[in-house]
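[1] what's the 3D shape of this:
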Amino acid sequence: MKVKKIIIVGGGSSGWISAAVLKKQLPELDITLIESPDVPIIGVGESTLPQINALMSLLDIKDQDFMPHTDATYKISIRFEDFYKKGDGGFFYPFGTPYESPYKNGKTTWLIKKILEENTKNKDYVDCLYPFMSLIKNNTFSLNEENDIPNFNPKTDVTYHFDAIKFGLWLRDHYCIPKGVKYIKEHISNIEQDDNGIKSLNNKYTADLYIDCSGFQALLIDKTLKEPFESYSDIIPNDSAWATQISYKDKEKELVPYTNCTAIQNGWVWAVGTWKRMGTGYVYSSKHVTDEEALIEFKNYLTTIGKDYSNSKFRNIKMRVGMHKRLFVKNVVAIGLSGAFIEPLEATGLLTTHDFIMLLVRVLKRDKNEIVVSQFDRDNFTSICKYIFRNAAEFVSLHYALSHRTDTKYWQDINKKQFSKDLVELNNPILIGFLYASMRRYHRNSFDSIGGLHCISTGMNYLPMDEISEIYYSYDNNLKVKLNNEYKDSINLMNSNKEKWENICKNKQTYLSFLEQYIYNEKN
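    Below you'll find the model as predicted:
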């Protein structure tokens, strides 16, 4: 298959990100985006992961370019409450890598601290190893231009909350169309096929390659080419959501630089603070609660935390959790929700857009003189996308697998659930080094510092080393004395550093005033 012309079907964040990347990397291609005026945009993917920074850098988009137009704010962490047990006090997963170098054995120093100081709470883990957690604790903010917050890199550790619909529109009007992407607003009612896949749309629009960005309806890959969909219900329990928007009562307090996730009766509730309002929603299992019952649970929760939803509109969303067997079929590629979706936890929604479109660009740029796509290219694209997606899905599923909540049938069923073979055997590459220390001593220090696995597991009290395993494998009932002598200085340094970072960060600008000054140019 030779490619000179591409049609993207579907707008929204997925469609316009795809158009932007393709036009930036392959400016010689004829690229058209067709968007139906009759199909609403889902538009609830308001929380992003740090990978989006690579996308923004690739597109040469600066914060001041798009943030004021999309109600964007900064995000440096995700908070989880009541996932381990009801009333667990919550824990954070900060972005970036832990600050380990000053300590005797890196983050193992904190695990020793936990053994020696029994009252140490698990949430202390990130406070000791991520200096910028003190920004969160004080609701202040800085992009670390003074470089006084160790190990805090805004290029990799800071991401965004934004209005997803406005983000897509900004890419359309300020990036894609000015750079030559053609835009057609028309409902696709007729799709003609031949042996190569899609022949034409509405009997008049033709291309060499069609990209399906039509969301959950998957108009091309599913409705037309009938590519089978593989469910991930074996590891992801939820399939539905209610979503709404709520006005701030006290913006100074309510606007925070992290996504908040709170587990409730039959799922969990997200809270995402954008500049003008808060986006919130309830992700739940339709096997355990009806849509009507879930809406009541959601509203009751909002009332409990003091949120006024009297002027809010609630939308119900049915989620396809899983992935198509193939993502590149004949002359069609599925990008975004049309190809794969996990669920909103850990903000992986845009992952299937920016990572998958970059892989497609790599396929298309193999030959500078002529773009040719072989069957190997198609199959290899699907294989790599599946690898990325399955890794992410396994990571998300750990938030449920590690739970010890039993207060409702939903959580009881999760406790009884037999998760996938890769997950329970910890064979997935993202889980390497996650074996329990009391079972495998030699994995004691192999917790990977990249990614959030160590933060999630510690927050849910699944530790790579503990007092029992250390005493058992050391054959020494006086081990605590030896550990104290060996690690005392390092633990003292860890505690003093935490206090030092607290003093630095509490004197930074408030998060609200920072955004007012540097992004929205408003007076304090």
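
[2] ok, how many other residues are close to the nearest residue to residue 299 once chain neighbours are set aside?
    Once flanking residues are discounted, residue 299 sits nearest to residue 309: 6.4 Å by C-beta to C-beta, 6 or more residues apart in numbering. Quick note: C-beta positions are derived from backbone N, CA and C, even for glycine. For residue 309, the count of nearby residues is 16 (other C-beta atoms under 10 Å).

[3] thinking residue 309 is in contact with residue 300, fair?
    No. Applying C-beta atoms under 8 Å as the test, residue 309 and residue 300 come out as separate, 10.7 Å apart.

[4] and the gap between residue 272 and residue 356?
    The spacing between residue 272 and residue 356, counted by C-beta to C-beta, to the nearest Å, is 23 Å.

[5] and residue 518, by the same measure?
    Residue 518 is 32 Å from residue 356, where distance means C-beta to C-beta.

[6] same drill for these two, tell me which one is more crowded.
    More crowded of residue 518 and residue 356, by other C-beta under 10 Å: residue 356, with 26 against 15.

[7] pLDDT score for the more buried one?
    On the pLDDT scale, residue 356 is placed at 94.

[8] dump the residue contacts of it.
    Contacts for residue 356 (C-beta atoms under 8 Å, 6 or more residues apart in numbering) come out as 327, 335, 336, 339, 340, 385, 388.

[9] tell me the secondary structure for it?
    Under DSSP: H, G, I helix; E, B strand; the rest coil, residue 356 falls in the helix class.

[10] equivalent analysis for residue 78, please.
    With three-state DSSP as the basis, residue 78 sits in strand.

[11] isn't it up against residue 262?
    No. Using C-beta under 8 Å, residue 78 is not in contact with residue 262, being 11.6 Å away.

[12] ok, those two, which is more surrounded?
    residue 78 (23 against 18).

[13] what distance do you get for the more buried one to residue 13?
    For residue 78, the distance to residue 13 equals 19 Å [C-beta to C-beta].

[14] check the offset of the helix or strand harbouring residue 241 from the chain's centre.
    Following DSSP states H and E, the helix or strand that holds residue 241 is strand 240-246. Centroid separation for strand 240-246 versus its chain: 17 Å, with C-alpha atoms, centre = their mean, to the nearest Å.

[15] may I have the strands that pair with it, each with its orientation?
    Note on strand 240-246: by DSSP bridges, its sheet partners are strand 278-284 (antiparallel), strand 315-318 (antiparallel).

[16] can you tell me which of those strands is most buried?
    strand 278-284 (a mean of 25; mean count of other C-beta atoms under 10 Å).

[17] centre-most residue in this protein?
    Residue closest to the mean C-alpha point of the chain, counted by C-alpha atoms, centre = their mean, is residue 347 at 2.5 Å.

[18] so for residue 352, what's the nearest residue that isn't a sequence neighbour?
    Sequence neighbours aside, residue 340 is the residue nearest to residue 352 in space, at 4.8 Å (criterion: C-beta to C-beta, 6+ apart).

[19] right, and that neighbour touches residue 389 too?
    Yes. Between residue 340 and residue 389 a contact is recorded at 5.1 Å, counting by C-beta under 8 Å.

[20] in contact with the residue nearest to residue 299, which residues?
    Contacts of residue 309 (C-beta under 8 Å, 6+ apart): 244, 246, 299, 302.

[21] hang on, it in a strand?
    No. Judged by three-state DSSP, residue 309 forms no part of a strand; its state is coil.

[22] quickly note the distance from it to residue 126.
    Counting by C-beta to C-beta, the separation of residue 309 from residue 126 is 31 Å.

[23] next: residue 497.
    Counting by C-beta to C-beta, the gap from residue 497 to residue 126 is 13 Å.

[24] so between the two, which is more surrounded?
    Neighbours were counted for residue 497 and for residue 126 using other C-beta under 10 Å; residue 126 has more, 23 against 17.

[25] ok, and what's touching whichever strand or helix holds that one?
    Assigned by DSSP H and E, residue 126 belongs to helix 124-129. If you take C-beta under 8 Å, 6+ apart as the criterion, helix 124-129 is touched by 91-94, 98-100, 107, 110, 113-114, 133-134, 137, 455, 458-459, 494-495, 497-498.

[26] how about the next helix or strand after it: buried residues?
    Downstream of helix 124-129, the next assigned helix or strand under DSSP H and E is helix 133-138. For helix 133-138, burial by neighbour count (16 or more other C-beta atoms under 10 Å) applies to 133, 134, 135, 136, 138.

[27] same question for stretch 221-240: list its buried residues.
    Buried residues in stretch 221-240 (16+ other C-beta under 10 Å): 221-222, 224-225, 227, 229, 232, 235-240.

[28] looking at the residues you listed, which is nearest residue 485?
    Of all these, residue 235 has the smallest distance to residue 485: 43.9 Å, by C-beta to C-beta.

[29] tell me if I'm right that that closest one and residue 393 touch.
    Yes. Contact criterion C-beta under 8 Å: residue 235 and residue 393 qualify, at 6.0 Å.

[30] give me the phi and psi for residue 247.
    When read as degrees, to the nearest 10, the backbone of residue 247 gives phi -80, psi 150.

[31] what sits closest to it if chain neighbours are left out?
    Using C-beta to C-beta, 6+ apart and skipping the chain neighbours, the partner closest in space to residue 247 is residue 277 (5.6 Å).

[32] count the residues that sit near the one you found.
    When counting by other C-beta under 10 Å, one arrives at 18 neighbours for residue 277.

[33] ditto for residue 406
    So residue 406, with other C-beta under 10 Å, has 14 neighbours.

[34] distance of it from residue 193?
    If you measure residue 406 against residue 193 using C-beta to C-beta, the figure is 51 Å.
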